[in-house]
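>>> coords below, sequence missing:
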């Protein structure tokens, strides 16, 4: 009875959290926190789960100390959360001018806030924003303030990821006034809850790691299982490829040499100073869907559209991804800019405006996406996209576009230069004065070096970016990995269907070694790609969805190489899975541009948190492939008909896949637990709360709880059987998809950048 109640409460908690995240999306965060996460009944359900869980452990008379400590850590974490809920206080204090205040505001409900007082006064001294050199991208926000406690005055400073603690009250940078004359600080006092929760985290970290190194544990037994050497894979996959016809251009195109020189200029793009070549590549991919247009490279496309706008406005270079737009407006798949204007009217204008007003159906969304492409072209032709003119004044560098309203402090000479450089270039380009054009580009490059201060990237960073731009790593590697994955698949099927065991064994041994070598080369190439991105941006490549997909593929390959000695079948998994992750990064709508990281995200703890979570996702993806493979084997045997011997072989195959899957599962659950709670520590350091019930962290906890279920094979013996186990792992993977994609694109939240 206790077991059934505990199981029911466990499932109920998962369902409640999932429902709450969806309700929050429709009714807002304050509503969800007031009526669900912060309600008495939600805390009661957690308390009941903890109580019945303890009762079940006592009833089972569990003797293993590591199992007891693991479950005890969760009890301690819940106890810490309860102490935080009951004893802590938090709010926002607004500092402005030199007027001291001891009042902070606490949100009580959706409708009201309450004022409370601190046992001391706080006064703003100064608020600063530090920018990445030459850009308007904030690198950090810093508040200098004084604490006045009786006759004592303490000078303090807080910034992103840097807190100040005084008498048990922690101060965090929260926001600031738009005129930069005031600052908002979060105040938080939670001396008991944090201490108890961190104790639970420490115990959890220790026990999760012990699961993997315990010499008598299940994971170590799985490593030595003889079934690992018997597992085989049989899968049938169909790939479809489409080839876009080569475009023939009617518009005049800038020659490659001139375009290359233009591409070597620097531009403030995406709040980062980078070669203009990078903007050109992203522009061409955005408009056309490829890095080049016919035999014209991206720099030629960008420069030609600037200087031969009238011709290029009629060029069928804009890719229309929506079939409904093509049908409704009688457009081909590739059309021109002028095709969207009739009698001076912009055909998509009304639909783009309706999308902004809340009509978010598929057609209006497609119109908004097309409107973004057209807006980008307009910005290029108007000059606002070309922020290539720097000026350094009193140590601060600003970059301007020719169309900007220029401050008078630049001086008459620079203002004239900024306003006239492109008209002069236009005249020289259109009259065919190639030598003069090259001379003007060289002068512009020299001007940038003299006036950009310290904002220009280093020579090594520029070289790295040119290498990165020259090689489409994700595209090349997904083609190679998927191709080799299908080769490995065919070899595996051949091994299953050929009766000459000696011939198959010799061929398989040679093939395995060759495939391992290719996987290592692919891994090194992807490592080089990520290293280039890291060096170019100065940030670990985990700042957006595109980079995290590359990182998951990297972890898949690394884990496959490590696991090869125990099970050669992981080569197949490694190629196919990393290939599909790289394919997603290639074809998805994720933005591959390299930008500056948000200040709050620039933390070593965050990098560790995301890296560990990505490793967990990669491992769980492998368990999904194992489950899928098992059912494909079962399906093939049913189609072919089975005798007793064949049935026995099938059972061995799916059982060996279960062993392999569980071999991935243990480190996956361990790393997910570590990643979630390292993220909680980072959140506590960054904004004063270790758990905010953000949709991403809520779904990460749901995923952790779902996958933790199958570790309990003694309590739930059904998961000791291969077929139910594999079915569960296939279904469980939906939680990964929801956590990674669903939250980002449906639910949003603070983690929607990830």
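Received it, and whenever you're ready, just let me know what you need. Values in this document were obtained by computation on a predicted structure and should not be read as measured data. Numbers count the residues shown, from 1 in each chain.
>>> and residue 88, what does it touch?
188-190, 193 (CB atoms under 8 Å, 6 or more residues apart in numbering). C-betas here are computed from N, CA, C, even on glycine.
>>> now those residues: which count as buried?
188-190, 193 (16 or more other CB atoms under 10 Å).
>>> now residue 440. Nearest residue, chain neighbours left out?
residue 425 (5.6 Å; CB to CB, 6 or more residues apart in numbering).
>>> that neighbour - that's part of a strand, no?
No. Using DSSP: H, G, I helix; E, B strand; the rest coil, the secondary structure at residue 425 is helix, not a strand.
>>> am I right that it is in contact with residue 303?
No. Taking CB atoms under 8 Å as the definition, residue 425 is not a contact partner of residue 303, at 9.6 Å.
>>> ok, those two, which is more surrounded?
residue 303 (26 against 20; other CB atoms under 10 Å).
>>> contacting residues for that one?
Per CB under 8 Å, 6+ apart, neighbours of residue 303: 254, 258-259, 262-263, 280.
>>> which of the residues you listed fall in helices?
The helices, defined by DSSP state H, take in 258-259, 262-263, 280 from these.
>>> would a markdown table of these with neighbour count be doable?
Shown next, in a markdown table, are the ones in helices among the contacts of residue 303 (neighbours: other CB atoms under 10 Å):
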| residue | neighbour count |
| --- | --- |
| 258 | 18 |
| 259 | 24 |
| 262 | 26 |
| 263 | 25 |
| 280 | 25 |
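>>> now tabulate those in TSV and tack on distance to residue 201 and pLDDT.
Below are the ones in helices among the contacts of residue 303 laid out as TSV (distance: CB to CB, whole Å; pLDDT from 0 to 100):
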residue	distance to residue 201	pLDDT
258	59	93
259	55	92
262	53	93
263	49	92
280	47	93
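>>> picking up where we left off before, what about the buried ones among the contacts of residue 88, which are in strands?
188-189 (DSSP state E).
>>> and the buried ones among the contacts of residue 88 as TSV, adding pLDDT?
Converted to TSV, these look like this (pLDDT from 0 to 100):
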residue	pLDDT
188	88
189	89
190	87
193	87
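>>> looking at the buried ones among the contacts of residue 88, spot the one nearest residue 383.
Of all the buried ones among the contacts of residue 88, residue 188 has the smallest distance to residue 383: 47.2 Å, by CB to CB.
>>> which residues of the stretch 651-754 of the chain score low on pLDDT?
The stretch 651-754 of the chain contains residues with pLDDT under 70 at 687, 744-754.
>>> redo that, cut-off 80
Counting by pLDDT under 80, the stretch 651-754 of the chain has low-confidence residues at 653, 685-690, 740-754.
>>> need the helices for the stretch 551-700 of the chain, in chain order.
570-587, 604-640, 644-687, 695-708 (DSSP state H, counting those that start in this stretch).
>>> now do the second one: which elements does it pack against?
Under the contact definition 3 or more CB pairs under 8 Å, 6 or more residues apart in numbering; DSSP states H and E, helix 604-640 sits against helix 545-563, helix 570-587, helix 644-687, helix 722-737.
>>> distance between that helix and the chain's centre?
Per CA atoms, centre = their mean, to the nearest Å, the displacement of helix 604-640 from the mean C-alpha position of its chain is 18 Å.
>>> and that helix, average pLDDT?
Mean pLDDT, computed over helix 604-640, is 79.
>>> got the angle between it and helix 644-687?
For helix 604-640 against helix 644-687, the angle by axes from the mean of the first three to the mean of the last three CA atoms, to 10 degrees is 160 degrees.
>>> between helix 604-640 and helix 695-708, how big is the angle?
50 degrees.
>>> check the third one too.
For helix 644-687 against helix 695-708, the angle between stretch directions is 150 degrees (the same axes, to 10 degrees).
>>> ok now helix 644-687, how far from the chain's centre?
Centre-to-centre, helix 644-687 and its host chain are 21 Å apart (CA atoms, centre = their mean).
>>> check which helices and strands it sits against.
Helix 644-687 packs on strand 169-176, helix 191-213, helix 218-223, helix 604-640, helix 695-708, helix 722-737, going by 3+ CB pairs under 8 Å, 6+ apart.
>>> excluding covalently adjacent residues, which one is nearest to residue 351?
Here the residue nearest residue 351, using CB to CB, 6+ apart, is residue 367, at 3.8 Å.
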